[in-house]
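>>> the following block contains a protein sequence and its predicted model.
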Amino acid sequence: MSKTVAFTFDDGPNTVTTPRVLDILEENGIVASFFLIARNITEESAEVARRALRMGCEINNHTVNHPHLDRLPPEEIRAEFDGCTEQIVRITGQKPKFFRPPFIDVNQDVFDNIDLPFISGVGCRDWEPQVTARERIDLVMSQVRDGDLILLHDMAGNENTVEAIRFLIPELKKQGYRFLTCSQIFAENGVTPRRGILYSNVFQTA
Ligand SMILES: [Zn+2]
């Protein structure tokens, strides 16, 4: 079986950088998953999210306000999660299937109050403006393994990541990787995602 990888983009949607990411995915005929911050949803950015969905991409939950959930009481954790799910259902008609905790901050309360599998991801520090496109590419290529969930950001103005994926997609294809959504990469690898695991790779067991 061929190797699989899932690109995941956090902190959208927006009308500046998300469409540029979608253009590149479309040019390469691949899909990805987008973890939305609900407060970033406007009439215009909702349309961008719907475009992603029409392309076969997956829309997932990254809270309403991007707080440090491990510092919040259970009712606020649930409000951050439920509010984002409601907005995603409102704009797409579909429920998110995965959750990414902001800053990857989790504790037992966070796990107990959020009823979806958690995705972390293999990162390339692409939230740090000073990390160049070249460095982002090298960080991904030096770490990537079969089944990886690659953590990226489509926040407005994150030009270096747009440049990085322009190179990364053909390079990973050359190495035999196929690009799937989060749901697809678990399903194709015969893995049922479990609660209590912070997944960076679908084959993780703890
Ligand atoms: Zn984030």
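Received, thanks.
>>> have a look at the protein and report its longest strand.
Longest strand of the chain, by residue count under DSSP state E: strand 3-10.
>>> give me the angle between the host helix or strand of Leu152 and strand 3-10.
Per DSSP states H and E, Leu152 falls inside strand 148-153. Calculated by axes from the mean of the first three to the mean of the last three C-alpha atoms, to 10 degrees, strand 148-153 forms an angle of 20 degrees with strand 3-10.
>>> just how off-centre is strand 148-153 within its chain?
Its chain's average C-alpha position is 6 Å from that of strand 148-153, according to C-alpha atoms, centre = their mean, to the nearest Å.
>>> quick check: mean pLDDT across that strand?
Summarised as a single mean, pLDDT over strand 148-153 is 98.
>>> name the residues of stretch 8-16 that are buried.
For stretch 8-16, burial by neighbour count (16 or more other C-beta atoms under 10 Å) applies to Thr8, Phe9, Asp10, Asp11, Gly12, Pro13, Asn14. The way it works is simple: take the backbone N, C-alpha and C, and place the C-beta from them, glycine included.
>>> from the ion, how far off is the residue lying closest to Glu80 once chain neighbours are set aside?
Leaving aside its chain neighbours, Glu80 sits nearest to Thr63 (4.2 Å; criterion: C-beta to C-beta, 6 or more residues apart in numbering). Thr63 sits 8 Å away from the ion, taking C-beta to the ion, to the nearest Å as the criterion.
>>> check Thr63 and give its pLDDT.
98.
>>> what does the one 4 residues further on give?
Looking at Pro67, its pLDDT stands at 98.
>>> wait, what's in contact with Arg194?
For Arg194, the contacting residues are Pro117, by C-beta atoms under 8 Å, 6 or more residues apart in numbering.
>>> measure it to Gly157 for me?
According to C-beta to C-beta, to the nearest Å, Arg194 stands 36 Å off from Gly157.
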